[in-house]
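Asker: Return atomic coordinates for the entry below.
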Amino acid sequence: MNLLEKDNALSLARLRDVLIRLEDTIIFALIERAQFALNACTYQPGVYEYNDGYKGSFLGYFLHEMEKVHSRVRRYTSPDEYPFTSPLPAPILPTLDFPPTLHPNHINVNSDIMDRYLQDIVPKICAPGDDLNYGSSATRDVECLQALSKRIHYGKFIAESKFQDPAQQQTYIQLIRAKDRDGIMELLTNRTVEAALLRRLRRKAMIYGHDITEKGDIILEDEGSTPTQQKIPADVVVDLYERFVIPLTKEVEVEYLLKRLDGWQDPSATTSS
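Answerer: Here you go, the predicted structure:
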């Protein structure tokens with residue numbers, strides 16, 4: 001989404017379009033990572049020595065070096081981009097003047113994303129063992145992590161959109177002032193949308209995870225394929241969203257809303273006084 005254009009930037013319909021496109025990005029990134037073995041040594045600190053004295057894992061080193069380049073071209077000045085590593089260099093390009101969209105905040109859950117990715121996602125999509133493709137697998141890891149980060153942090157935009165809804169704003173204000181996490185979570189949850197999302201994901205994962213024949217046909221599981229023919233199991237993608245992406249996105253939304261009133265003047269209170 002072009003965040004330089006403020007008009008409709010917080011439209012829920014537009015935000016859902018962005019999230020649907022990110023579904024495709026995430027699925028394809030997972031498929032690309034799944035073509036390589038687990039390569040566990042790339043996630044273990046101290047396996048390699050680096051000239052700058054870095055002591056972490058190969059993935060951590062690779063990610064930091066990539067983010068330094070991305071930072072120089074001002075990637076992390078965008079309100080929808082969040083780095084995993086620090087410190088990062090200043091941009092060499094002029095700063096863009098983004099219209100104010102989000103309330104000022106410092107929420108960054110990338111450490112949680114990294115932990116969950118390494119512990120629960122990679123082992124499920126990659127074959128065990130070591131195929132020596134360390135650079136290739138790390139490149140795919142970074143693509144997966146960045147796509148997941150963007151999708152999850154878009155929770156801030158969703159939360160801001162819902163907060164600005166005149167029909168619900170006063171209810172949100174009351175819940176925020178009461179620090180009612182459960183109440184905020186319940187108010188922002190749309191179970192119908194979540195159920196539709198999971199159904200859509202399963203269908204996409206089944207389609208994207210199979211090759212298309214020369215005739216243009218897609219052989220799905222119920223048409224005779226076996227699990228070994230899948231590039232990535234559909235259940236893994238659905239489980240990833242159901243147990244990780246959706247809950248963590250909503251945690252971002254709640255944390256954002258709990259800080260939403262900091263330094264904020266309620267327009268209705270100003271008008272009534």
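Asker: If you count residues, where's the longest helix of the protein?
Answerer: helix 12-34 (DSSP state H).
Asker: Which secondary structure elements does it sit against?
Answerer: helix 122-125, helix 134-153, helix 155-163, helix 191-208, helix 234-240 (3 or more Cβ pairs under 8 Å, 6 or more residues apart in numbering; DSSP states H and E). Just so you know, the C-beta spots here come from the backbone N, C-alpha and C atoms, and that holds for glycine as well.
Asker: could you give the angle of the fourth one to helix 12-34?
Answerer: Relative orientation of helix 191-208 with respect to helix 12-34: 40 degrees, computed using axes from the mean of the first three to the mean of the last three Cα atoms, to 10 degrees.
Asker: which ones are touching the residue lying closest to Asp141 once chain neighbours are set aside?
Answerer: Nearest residue to Asp141, sequence neighbours excluded (Cβ to Cβ, 6 or more residues apart in numbering): Leu59, at 5.6 Å. Contacts for Leu59 (Cβ atoms under 8 Å, 6 or more residues apart in numbering) come out as 42-43, 138, 141-142.
Asker: Can you add neighbour count and distance to Ala90 and give those residues back as a markdown table?
Answerer: Listed next are those as a markdown table, based on neighbours: other Cβ atoms under 10 Å; distance: Cβ to Cβ, whole Å:
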| residue | neighbour count | distance to Ala90 |
| --- | --- | --- |
| Thr42 | 23 | 29 |
| Tyr43 | 21 | 30 |
| Ala138 | 23 | 25 |
| Asp141 | 26 | 26 |
| Val142 | 20 | 21 |
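Asker: and which of the residues you listed is nearest Ile207?
Answerer: Nearest to Ile207 among the contacts of Leu59: Asp141, at 24.0 Å, using Cβ to Cβ.
Asker: so the closest one makes contact with Arg33?
Answerer: Yes. With contact defined as Cβ atoms under 8 Å, Asp141 reaches Arg33; the gap is 6.3 Å.
Asker: which residues are common contacts for those two?
Answerer: The contact lists of Asp141 and Arg33 share Val122, where a contact means Cβ under 8 Å, 6+ apart.
Asker: and of the helices and strands packed on helix 12-34, who's closest to Leu102?
Answerer: helix 155-163 (5.4 Å).
Asker: and the direction of that closest one versus that of helix 12-34, what angle?
Answerer: Going by the same axes, to 10 degrees, helix 155-163 makes 160 degrees with helix 12-34.
Asker: which other residues reach the helix or strand just after helix 155-163?
Answerer: Using DSSP states H and E, the next helix or strand after helix 155-163 towards the C-terminus is helix 169-177. With contact meaning Cβ under 8 Å, 6+ apart, helix 169-177 is reached by 162-163, 183-184, 187, 257-258, 260-261, 266, 268.
Asker: Tell me what angle helix 169-177 forms with helix 155-163.
Answerer: Using the same axes, to 10 degrees: helix 169-177 against helix 155-163 is 130 degrees.
Asker: Can you give me the buried ones in helix 169-177?
Answerer: In terms of neighbour count (16 or more other Cβ atoms under 10 Å), helix 169-177 has its buried residues at 172-173, 175-176.
Asker: Give me the mean pLDDT for stretch 95-108.
Answerer: In this model, stretch 95-108 has a mean pLDDT of 92.
Asker: Name the residues of it that are buried.
Answerer: Buried-residue list, stretch 95-108, by 16+ other Cβ under 10 Å: 98, 102-103, 105, 107.
Asker: Can you get me the centre-to-centre distance for it and its chain?
Answerer: 17 Å (Cα atoms, centre = their mean, to the nearest Å).
Asker: Alpha carbons of it, as PDB, please.
Answerer: As requested, the backbone C-alpha atoms of stretch 95-108 are provided in PDB (Å, rounded to 0.1, in the frame of the first residue of the first chain):
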ATOM      1  CA  THR A  95      13.500  11.200   4.000                       C
ATOM      2  CA  LEU A  96       9.900  10.900   2.700                       C
ATOM      3  CA  ASP A  97       7.200  13.000   4.200                       C
ATOM      4  CA  PHE A  98       4.600  10.300   5.200                       C
ATOM      5  CA  PRO A  99       1.200  11.700   6.200                       C
ATOM      6  CA  PRO A 100       0.400  11.000   9.800                       C
ATOM      7  CA  THR A 101      -1.500   7.700   9.900                       C
ATOM      8  CA  LEU A 102      -0.600   5.900  13.100                       C
ATOM      9  CA  HIS A 103      -0.400   7.200  16.600                       C
ATOM     10  CA  PRO A 104       3.200   7.400  17.800                       C
ATOM     11  CA  ASN A 105       4.400   4.000  19.200                       C
ATOM     12  CA  HIS A 106       7.400   1.800  19.500                       C
ATOM     13  CA  ILE A 107       5.700  -1.600  19.200                       C
ATOM     14  CA  ASN A 108       8.000  -4.200  17.500                       C
END
